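Colleague: Just need the structure, nothing else, for what follows:
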Amino acid sequence: MLTVTEALDRILAYTKALGSEQVGLLDSLGRYLHSDIVADIDNPPFDNSAVDGFAVLSSDIRTASAQSPVTLRLLPPVFAGGGQSVAMTSGYCVRTMTGAPIPPGADAMVMIEDAAESAGNFIEFRLPANAGDNIRLRGNDVICGEVVLRSGSKVNSASISMLAAMGQSKVLCFRRPRVAVFSSGDELVGIDKTPEFGKIRDSNRYTLAAMVLSAGAELLSHETIPDSLEETIFQLELAVRDGADVIITSGGVSVGDRDYIKPAIEKLGELNLWRVSMKPGKPLAFGKIEKSLLFGLPGNPVSTQVTFELFVRPALHKMSGCQAPVRQSVYATLATDLERTPGRQEYIRCRLSTVNGQYVADPTGPQGSGALKSMVGANALIIVPSETEKMSINELVTVMPLDGFFD
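Modeller: Modelled structure (predicted):
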């Protein structure tokens, strides 16, 4: 069996970023940029006021104090979007609003609360000002021609702000992978059904669909396949014809008499790996059918989710243009003693929290591969090396945060 690292390296070697497509600005949120974004203008595009106040020549009020105030004559005001005022000369000031252009000749802004109106259209200043006070200079943030966002960066709300400031109403992004999801097994019934004896609700189909969407991919379909080699082959071929970049199945991937995912991949395409030395999730198939990558995940609900996090999500992120698709681990102290049987690298569901500035990992309960409750309560996985038999309370352990932990 391959180790987790060997399996992931092999999968990512097969995985390539997809082509590009142009989308609307808001539709680019959560996507990865295909090309660098270059500023087409300076930002700010002109010298402007950072406060509501009065534009002055700093030399006029250099000696101003409460005991010896300086009085300047007030010129007509300047508002944001209202155009430029007349040129200022010594002895005058201009009421200037936040975002409005700095009047020509002025070199400082005095906040409105630091000045007082005087009779006869004059303003009294009781504090000095320095050149540059409360002025946002043209190009102070961005200079025209500067690269403001790099190819491969993920668009977030701050990126949207920059893209809008640079006039990017359409954004060139990497295409999202199109994903078809299947769960397999004659024991599966619809989630709206009350299962008869020997049957279970088909939760994996919805779990995988949700995980695909949370990874930023496009969900083409999510269907159930009965235990039939012919039907499995038919459904996989149909997904390929429908343009699936990735096909994900759950169940039917082990060595049972009615496990048909592996033979279907071998008949239709290429099986690259099968079985990984890990717990939960040992039965894992990965291969390719024409241009479609195929992940055959185990059918136990927790095994399905863990193998998706370890192998499928990084592949989807890489296909989406992410340049660092593998989630980084952190160190945490263990909240309790753990004992286990060595042999395979294990991933223990836990709740990761911060106590006194340090990460603490607390297992969420029974770790069976069908124990959904412990997965619902988890936001991270403790990575236990294959040879480890016991881990003690307060021991430093390696933990992989799950999707959304740092959001």
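Colleague: what secondary structure does the residue sitting furthest away from the middle of the chain sit in?
Modeller: Using Cα atoms, centre = their mean, the residue of the chain lying farthest from its centre is Gly120. It sits 58.2 Å away. The three-state label given to Gly120 by DSSP: H, G, I helix; E, B strand; the rest coil is coil.
Colleague: what about Asn272, which helix or strand?
Modeller: If you go by DSSP states H and E, Asn272 is part of strand 270-274.
Colleague: Quickly run through the sheet partners of the next helix or strand after that strand, with directions.
Modeller: Downstream of strand 270-274, the next assigned helix or strand under DSSP H and E is strand 278-279. Its sheet considered, strand 278-279 pairs with strand 345-355 (parallel) by DSSP bridges.
Colleague: Show residues contacting the helix or strand following the strand it pairs with.
Modeller: Later in the chain than strand 345-355, the nearest helix or strand by DSSP H and E is strand 358-363. Residues outside strand 358-363 that contact it (Cβ atoms under 8 Å, 6 or more residues apart in numbering) are 330-336, 338, 348-354, 374, 380, 382, 397, 399. Every C-beta, even on glycine, is put in place using the N, C-alpha and C of the backbone.
Colleague: picking that back up, pLDDT on the strand holding Asn272, on average?
Modeller: Average pLDDT, strand 270-274: 93.
Colleague: Show me what that strand is packed against.
Modeller: Judged by 3 or more Cβ pairs under 8 Å, 6 or more residues apart in numbering; DSSP states H and E, the packing partners of strand 270-274 are helix 4-14, helix 261-268, strand 285-289.
Colleague: Please identify the buried residues of that strand?
Modeller: Buried positions in strand 270-274, judged by neighbour count with 16 or more other Cβ atoms under 10 Å: 271-274.
Colleague: Can you tell me the strand partners of it and which way each runs?
Modeller: Strand 270-274 is paired, per DSSP bridges, with strand 285-289 (antiparallel).
Colleague: Just the mean pLDDT for the helix or strand just after the strand it pairs with, thanks.
Modeller: Counting by DSSP H and E, the next helix or strand C-terminal to strand 285-289 is strand 292-297. The pLDDT scores in strand 292-297 average 97.
Colleague: Stretch 312-328 now?
Modeller: For stretch 312-328, mean pLDDT is 95.
Colleague: How about residues contacting it?
Modeller: Contact with stretch 312-328 is made by 8, 11-12, 15-18, 31-34, 151-152, 154, 173-177, 179, 211-212, 215-217, 245-246, 248, 293, 295, 297, 309, 400-401, 403, as judged by Cβ under 8 Å, 6+ apart.
Colleague: can you confirm Phe311 is in a helix?
Modeller: Yes - under three-state DSSP, Phe311 falls within a helix.
Colleague: quick thing: my sequence starts at 346, can you match it?
Modeller: Will do, 346 is the new start, and the previous item becomes Phe656.
Colleague: and the worst-scoring helix or strand of the chain on mean pLDDT, how far out from the chain's middle?
Modeller: One helix or strand of the chain scores below all others by mean pLDDT, DSSP states H and E: helix 717-721, with a mean of 89. How far helix 717-721 lies from its chain's middle: 23 Å, per Cα atoms, centre = their mean, to the nearest Å.
Colleague: now what about that helix, what contacts it?
Modeller: Residues outside helix 717-721 that contact it (Cβ under 8 Å, 6+ apart): 548, 646-647, 650, 694, 708-712.
Colleague: Looking at those, which is nearest Asp385?
Modeller: For these, the closest approach to Asp385 (Cβ to Cβ) belongs to Gln650, at 44.4 Å.
Colleague: roughly how far apart are the closest one and Leu642?
Modeller: Taking Cβ to Cβ, to the nearest Å as the measure, Gln650 falls 9 Å from Leu642.
Colleague: Residue ranges in the protein under the pLDDT threshold?
Modeller: For the chain, applying pLDDT under 70 flags the ranges 749, 751-752.
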